[in-house]
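Trainee: Dropping the sequence and predicted coords here.
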Amino acid sequence: MGDLEFLILLLVVVALLVWVARQVHIPYPIVLVFGGLGLGAIPGLPNLELDPHVVFLVFIPPLVHSAGYQASLRMLARDWRPISLAAVVLVALTIVAVAVVAHVLIDGMSWGAAFVLACVLAPTDLVAATAIFRRLGAPERVVNLVEGENLVNDGTALTAWRLAVAAVATGSLTAGDAVQELLLVAGAGTVLGLLIGWVVAQLRRQLDDSLIEITVTLLTPYVAYVLAEELGLSGILAAVVSGIFLGIRDPGITDATTRLQAYGFWGVLTFILESLLFVLVGLQFPQVLDAIDTSATTLLLQGVAIAFVVMVVRVVHHFTVLEADALVAGGTPIPRKERLIVGWAGMRGAISLAVALSIPLTTDAGEPFPFRDEIIFLTIVVIGVTLVVQGLTLAPLIRRMRFVEEEPDARRQAMTRFRTIEAALDRIGQLSFESDRTVDAPTLERARSLYAQRANQLAGECHDGVPDVDSDADTWLRLRLELLEIEGEQLAAMRDAGTITTPLMNAVQRDLDLETARLQRRRQPA
C-alpha cells in the first residue's frame, strides 16, 4: 500500500470513528486516538514517515489561524486578565514543573531536552472540551476563557518551544538570552501578523472571485508563518494575530457568497487536519515504541506521572493565581465552579503531537537530537491520559456543577436577528421620508410587511415566508439586498460592541448570507 492509498484509508477511518464517537456521545478525539492505536497494531500497514518540518508547516499555521479567526476581541478584552495569566503564568509554571519532574524522573535526560518536552506539553487543545461544552451548554464565560486561553497559549508556548529547540540544537542559548529572544520574536511576530492581516484585507477587498479569495485565505497562514520564520520571528504568533485581525475585518471585506463557501471550506479543512493529528497520536505509538531504548513500562509510568503534574498545576493555578489576582485587582473572582471546569478542561491533543513530531532529527552538530523518541513517546502518553481522564469526566463534572441555565442558543440567535431586523425597519422608515427616493411606495410597503412579519416570528429559519419575486422585479431585489447589508452591518456592530460573541454572529450571519446568495442568484441573467 502506497502513501497516497494509506492517506485515503486514514480519511475513511477518521470519518467512521467520528461517526461512532457521536453515536456513543464520547468526544471524538478520544475515539480517534484509540482508533489510531488499533490501526497501528495491524500488521502489514506501511510505516508513515513524517518529516518534522513538513508536519509543523502543514498542520500548525492553518489550525492556529482558524482559531484566531473565530476569536471575539471584545470577549477576550473582557477576560484579558485570567486569559493573560493562563497564557503566561500558567504556561511558565507548566514548563518549569514538567521540566523539573522529567529531569528528575527520566534517567539521563538533560535540562535542555526536559524543557523541550515541557514546551511541547504546555499548549492545551480545545477540540474535546468544546465538543462537550456545545453538547451540555456550559456557561458562556467558561467557553470564552477556555477558547481565549487556548488561542493565546499556543503562541506563547510554541514560541518558547522554538527557543528551547534552538538552545538544544546549538547549545549556545543562555537563560538571559532566551528571555530577551522570547520577547523580541514574540513582539515582532505579533506586529508582522497585524501587517500581514492588513495587507491581505486590502487585497481581498479588490477580489471579486470567490475561488481566488478562498485560496488567499488558505495561503495567508502559511505566508505569515513562513515569512516570520525567515525573519527569525514567531511564525505561530504571526499566524494567530493575522487570523484575529482578519476575523474582525471579515464582514467588511467578503461578500455573502464567498463567506458561505469559505466557512464550509475551512470547517472541512480544520476538521480533517485535527482528526488526522489525533489518529497520528495512536498511529505513531508503535513506531516510537520500537525506537526507544529505555523500558517502555518505565517510560509509560513516567508519562502518567507527567500527565498528573500537568493536570495538577493547571487546577492549582486556577485556584491560587486567579484568586490572588482578583483580590489584588479589587474585582470579584470568577466563581469557583467555573474555575474548576476551566481548570479541568486542559486536555492536550493535536497541537502537542504536531510540535513533538516537528522536533529536528539532529542538532546543528549533526548528532541525533537528544531524547527525541522519548519526548514523542511521553507526549503521546500525556495526550492519551488527559483525553481519557479529563475528557471522560468533564461532562459529568459540568452536570454536577448545576450551572444556572443560560438562554438557549436558538433563542439568542432569534433575538440577535430581531435586532438586525429592527435596523432594516429603521432603514425602510428613512426611505419612506426621502423626497428623492428611488424605491416606490408599494415596494417599500412590501418590504415593511415582510420585516414586520419576521419580527413577530423570532425563531426557526428567519427567511421562512419570503414571498417569491418575479425575475424582472429588480427594484424589489435591490432593496432586499440593501436591507440585508444593513442587517449585516448591525450584526458586526453588535459583535464589535461586545453584546454578542463571534460564534453567535457567525450563526446569524449564515442566515443572512444564505438569503443574500439566493437573492443574488435571482438577479443574475439566465
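Mentor: Here it is on my side, so go on. Residues are numbered from 1 along each chain as shown.
Trainee: contacting residues around residue 144?
Mentor: Under the criterion of C-beta atoms under 8 Å, 6 or more residues apart in numbering, the neighbours of residue 144 are 72, 75, 76, 78, 79, 501. The way it works is simple: take the backbone N, C-alpha and C, and place the C-beta from them, glycine included.
Trainee: hmm, try it at 10 Å
Mentor: The contact partners of residue 144, taken as C-beta atoms under 10 Å, 6 or more residues apart in numbering, are 71, 72, 75, 76, 78, 79, 82, 83, 342, 501, 502, 503.
Trainee: Could you tell me which of those residues count as buried?
Mentor: Among these, those classed as buried by 16 or more other C-beta atoms under 10 Å are 71, 72, 75, 76, 79, 82, 83, 342, 501, 502, 503.
Trainee: lowest confidence element among the helices and strands of this protein?
Mentor: helix 127-136 (a mean of 72; mean pLDDT, DSSP states H and E).
Trainee: Go through the buried ones among the contacts of residue 144 and name the one nearest residue 352.
Mentor: residue 342 (18.7 Å; C-beta to C-beta).
Trainee: and the helix or strand where that closest one lies, what other elements does it pack with?
Mentor: Assigned by DSSP states H and E, residue 342 falls within helix 336-344. Helices and strands touching helix 336-344, as assessed by 3 or more C-beta pairs under 10 Å, 6 or more residues apart in numbering; DSSP states H and E, comprise helix 127-136, helix 140-170, helix 296-329, helix 372-401.
Trainee: how about it: buried residues?
Mentor: So helix 336-344, judged by 16+ other C-beta under 10 Å, has buried residues 337, 338, 339, 340, 341, 342, 343, 344.
Trainee: Which of those residues sits closest to residue 229?
Mentor: Of all the buried residues of helix 336-344, residue 342 has the smallest distance to residue 229: 31.9 Å, by C-beta to C-beta.
Trainee: wouldn't that closest one be in contact with residue 146 here?
Mentor: Yes - counting by C-beta atoms under 10 Å, residue 342 touches residue 146, with 5.8 Å between them.
Trainee: which residues do these two both contact?
Mentor: 86, 129, 138.
Trainee: domain assignment for this structure?
Mentor: Per automatic domain parsing, the structural domains of the chain span 49-253+280-401, 409-523.
Trainee: Just name the most buried of those.
Mentor: domain 49-253+280-401 (a mean of 20; mean count of other C-beta atoms under 10 Å).
Trainee: May I ask you to confirm that residue 195 is in contact with residue 233?
Mentor: No - the pair residue 195 and residue 233 fails to qualify as a contact (C-beta under 10 Å) at a distance of 11.2 Å.
Trainee: Tell me the residues that contact both of these two, please.
Mentor: Contacts common to residue 195 and residue 233, judged by C-beta under 10 Å, 6+ apart, are residue 227.
Trainee: what's the closest non-adjacent residue to residue 372?
Mentor: residue 359 (5.2 Å; C-beta to C-beta, 6 or more residues apart in numbering).
Trainee: What's the first helix or strand after whichever strand or helix holds residue 94?
Mentor: Here residue 94, judged by DSSP H and E, is contained in helix 91-105. Using DSSP H and E, the helix or strand that follows helix 91-105 towards the C-terminus is helix 111-121.
Trainee: could you give the angle of that next one to helix 91-105?
Mentor: 130 degrees (axes from the mean of the first three to the mean of the last three C-alpha atoms, to 10 degrees).
Trainee: mind checking how far helix 111-121 is from the chain centre?
Mentor: Centroid separation for helix 111-121 versus its chain: 24 Å, with C-alpha atoms, centre = their mean, to the nearest Å.
Trainee: just the angle between it and helix 140-170, please?
Mentor: Angle, helix 111-121 to helix 140-170, by the same axes, to 10 degrees: 150 degrees.
Trainee: got any ranges where the stretch 151-300 of the chain has weak pLDDT?
Mentor: Within the stretch 151-300 of the chain, the ranges that satisfy pLDDT under 70 run 172-182.
Trainee: ok, 90 please
Mentor: 151-190, 207-210, 229, 231-237, 240, 247-264, 267, 270-271, 273-297 (pLDDT under 90).
Trainee: CA atoms only: put stretch 259-277 into CSV for me.
Mentor: Output of stretch 259-277 as CSV, limited to C-alpha atoms (Å, rounded to 0.1, in the frame of the first residue of the first chain):
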residue,chain,number,x,y,z
ARG,A,259,-18.3,33.8,3.1
LEU,A,260,-20.6,30.8,2.8
GLN,A,261,-18.1,28.9,0.7
ALA,A,262,-15.2,29.9,2.9
TYR,A,263,-16.9,28.8,6.1
GLY,A,264,-17.7,25.4,4.5
PHE,A,265,-14.1,25.0,3.2
TRP,A,266,-12.4,25.9,6.5
GLY,A,267,-14.8,23.8,8.5
VAL,A,268,-13.8,20.7,6.5
LEU,A,269,-10.1,21.7,6.4
THR,A,270,-9.7,22.1,10.2
PHE,A,271,-11.8,19.0,10.9
ILE,A,272,-9.5,16.9,8.6
LEU,A,273,-6.3,18.4,10.0
GLU,A,274,-7.3,18.0,13.6
SER,A,275,-8.7,14.5,13.1
LEU,A,276,-5.6,13.3,11.2
LEU,A,277,-3.4,14.5,14.0
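Trainee: Quick check, central residue of the chain?
Mentor: residue 67 (2.8 Å; C-alpha atoms, centre = their mean).
Trainee: So, low pLDDT: which residues of the stretch 301-450 of the chain?
Mentor: Looking at the stretch 301-450 of the chain by pLDDT under 90, you get 321-339, 342, 345-346, 349-368, 373, 391-392, 394-450.
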